[in-house]
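>>> Let me see the structure of the following:
(chains A and B)
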Amino acid sequence: MLLKLSSENIEHLSFLRELDDDIVQEFASLAIQFLTNGIKSKIFRVAAQKLAADPKVVEDAVMGLMQLFSEAAKHKTKAEDFHNSLLTLQFKDSTVELLRQVFVDHNNTTRATLAQCSPTLPTYEDLEWRLDVKVATRSLHQQIEPRILLKLHTKNGDHNDSKLLQTDPVNLINMTRVLEEALNEMKTKHVRRVLRNIT
Amino acid sequence: LSADNLRALRLCGDDDVISDDAFNALIPDACSVILGGEADHPGGKICASVDQRALMEVFTGVMCLLLEAGKLDIDEDQLNLLLDDCNFSSSKKESFVSVFNENRSKIREHLGNIGIQLPTLVDVKWRLDYNLKNSSLHKVNELKYTISLKENSSNEPVEFHCSKEELQDLVSKLREACKALERASQV
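You can find the predicted model right below:
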């Protein structure tokens, strides 16, 4: 499926037409870096000075490349389709080839970065558990009460969190049984049919 | 027991202040207050003729003894020794010990609920979704579990996503904990 580039995007990318391949390579690497780590505007001014160009034009070109790579990653575009979509830009063949290569090399990281942008709950990281027996408290001596302490580690983007929970044997066994049922649900015919037919 | 409590119990042992009948009427009320009930007139009509200040002191002393005996799970012999020290008549001793034995486990249960409690996990819910696409990424095509852990406090349930492999990891750790529990209970 070919990418649909907006006319604004095409205009921003046209600046790259006159540049040498190694400069286009640098711009492409910058675009990938900015996609993962955020934009550093100082770099636009420095690059513009070196090329004797307007910083705004440089910025537009890099943003244009970022838009190009993220749209391609979003639609899971194949390398061939990516290549063909660039033909409208009237770049040199070598430029098209190097952009295609950058896209292929970084497609997975770009998709991983975009995945973090969707609405999502924290993701499971780890579970630590501890078995205790409560033997006494200030109010009551000589007790025997088993208690299980659970520490749940989750991750939300860059933010790691951990939550301390307590439970008793009955609830622990119930929880294990319920979650085992959940796992077994994945193996049912219904789920496999959905996975096979909806893509 | 504190000096105040001992004094109150010795007062209780004094048959001139609290008769056997008055004591028999008083002690069930003491138990019910400990277990969460209310008693506006401890001992009812029988104790109405007793000096009210002394009655209150004795009532408090009896409750404290019931609580301490429950807390330490005192056996009958020790209890009888203590009541002897406070000059309890045999009828009062018998009455106290029998009411205490009857309510021993309830008092201990009640005391056991007082203490440091972390929020306890009481329920778990799960949901399996097949994510097709989202606004940032098309063609996601991933199965994803959403797990919700409910606590017995007013906190919001703890919710998180996990993939099949992550859920397998979670379940295997829970199974480990269950096995450890089983082994510990067999010792």
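
>>> Which of the helices or strands spans the closest residue to residue B:174 other than its chain neighbours?
Setting aside the residues directly before and after it, residue B:174 is nearest to residue A:176 in space (Cβ to Cβ, 6 or more residues apart in numbering or on different chains), at 4.3 Å. Bear in mind the C-beta positions are built from the backbone N, C-alpha and C, glycine included. Using DSSP states H and E, residue A:176 maps to helix A:169-185.

>>> same check, this time on residue A:136
Under the criterion DSSP H and E, no helix or strand holds residue A:136.

>>> Phi and psi next, for it.
Torsion angles at residue A:136 (phi, psi; degrees, to the nearest 10) stand at phi -170, psi 160.

>>> right, and it touches residue B:71 too?
No. Applying Cβ atoms under 8 Å as the test, residue A:136 and residue B:71 come out as separate, 9.3 Å apart.

>>> what's near enough to touch the residue nearest to residue B:174?
By Cβ atoms under 8 Å, 6 or more residues apart in numbering or on different chains, the contact list for residue A:176 reads B:171, B:174-175, B:177-178.

>>> Try it again at 7 Å.
B:171, B:174-175, B:178 (Cβ atoms under 7 Å, 6 or more residues apart in numbering or on different chains).

>>> Just the buried subset of these, please.
Using 16 or more other Cβ atoms under 10 Å in any protein chain shown as the burial test, these include B:171, B:174, B:178 as buried.

>>> Return the subset of those residues lying in strands.
Nothing among the buried ones among the contacts of residue A:176 maps onto strands, per DSSP state E.

>>> if we take those residues, which one ends up nearest to residue B:111?
residue B:178 (29.3 Å; Cβ to Cβ).

>>> And the closest one, how far from chain A?
According to Cβ to the nearest Cβ, to the nearest Å, residue B:178 and chain A sit 6 Å apart.

>>> how is chain B carved up into domains?
Listed by automatic domain parsing, the domain ranges of chain B are B:3-112, B:121-186.

>>> wait, does the longest one make contact with chain A?
Yes. Under the criterion of Cβ under 7 Å from any Cβ of the partner chain, domain B:3-112 makes contact with chain A via B:71-73, B:108, B:111-112.

>>> Dump the residues you listed into a markdown table; add secondary structure and neighbour count as well.
Listed next are the residues of domain B:3-112 next to chain A as a markdown table, based on DSSP: H, G, I helix; E, B strand; the rest coil; neighbours: other Cβ atoms under 10 Å in any protein chain shown:
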| residue | secondary structure | neighbour count |
| --- | --- | --- |
| B:71 | helix | 19 |
| B:72 | helix | 12 |
| B:73 | coil | 14 |
| B:108 | helix | 18 |
| B:111 | helix | 19 |
| B:112 | helix | 16 |
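
>>> Pick out the lowest-pLDDT one from these.
Across the set of the residues of domain B:3-112 next to chain A, residue B:112 stands lowest in pLDDT, at 86.

>>> Who are the contact partners of that residue?
A:140, A:143.

>>> circling back: quickly, which of the domains of chain B bottoms out on average pLDDT?
Among the domains of chain B, domain B:3-112 carries the lowest mean pLDDT, at a mean of 85.
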